[in-house]
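K.L.:
Prediction below, plus the sequence it came from.
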Amino acid sequence: MEPYNYFIYKAIHVIFVVSYFAGLFYVVRLMIYHTETQQMEEPKKSILQDQYTFMEKKLWNVITVPALIILVTMGLNMLYKNQGLLHLPWMKSKLGMVSVLLIYHFWCWRTLKQIQNNIFKYTSVQLRMMNEVATILLFSIVFAVIQKSMFGEYWYWSIISFFGSGVILMLIVRLINRNNKK
């Protein structure tokens, strides 16, 4: 393995992880705003829905999906160059969380398509809570990568604490939304 190439792949991987998560966070935020247009009067409703659809498509197709493709390609390249990583507990944990992230990605894609076709299955509060899933996964993945052996040794406590934090975050979102309605 050429270490120089490996670190180039790693740098590109990290850059596109940042781009991907930026896109993922913002696309759900746009879905929230798009969903909230349902309560608006015409012509404001149609104007905003058209604008949100345009923004969602651009964000998803120009930033989020290409960033995902590049980050996965670089990640697989690094694993190919250093196959020993696959045997490490922290990497197994990371890949498990990345699998959950990919499921979340496809949930976002499906939900986005539904919203763009005026099928609103989720309230804005439910979407706000789902937006926290990406935050929890980001925290979990970063901690797994940074802590490495320590995370691998105590992975179950780490995952329990991150999901516990997620539940707390979702409760806070619900509380804030309840107070905003008053």
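P.N.:
Thanks, I have it.

K.L.:
chain center to the helix or strand hosting residue 143: distance?
P.N.:
In the assignment (DSSP states H and E), residue 143 maps to helix 124-147. The chain centroid and the centroid of helix 124-147 are separated by 7 Å under C-alpha atoms, centre = their mean, to the nearest Å.

K.L.:
show me the contacts for the residue most central in space within the chain.
P.N.:
For the chain, the residue nearest the mean C-alpha position is residue 134 (3.6 Å; C-alpha atoms, centre = their mean). When contacts are counted by C-beta atoms under 8 Å, 6 or more residues apart in numbering, residue 134 touches 21, 24, 25, 28, 101, 104. Every residue, glycine included, has its C-beta placed from N, CA and C.

K.L.:
so where is the protein shaky, pLDDT-wise?
P.N.:
Scanning the chain for pLDDT under 70 picks out 1, 3, 151-155, 158, 177, 181-182.

K.L.:
for it, what's the longest helix?
P.N.:
Ordering each helix of the chain by length in residues (DSSP state H) puts helix 3-36 first.

K.L.:
what packs against that helix?
P.N.:
helix 44-58, helix 65-81, helix 89-116, helix 124-147 (3 or more C-beta pairs under 8 Å, 6 or more residues apart in numbering; DSSP states H and E).
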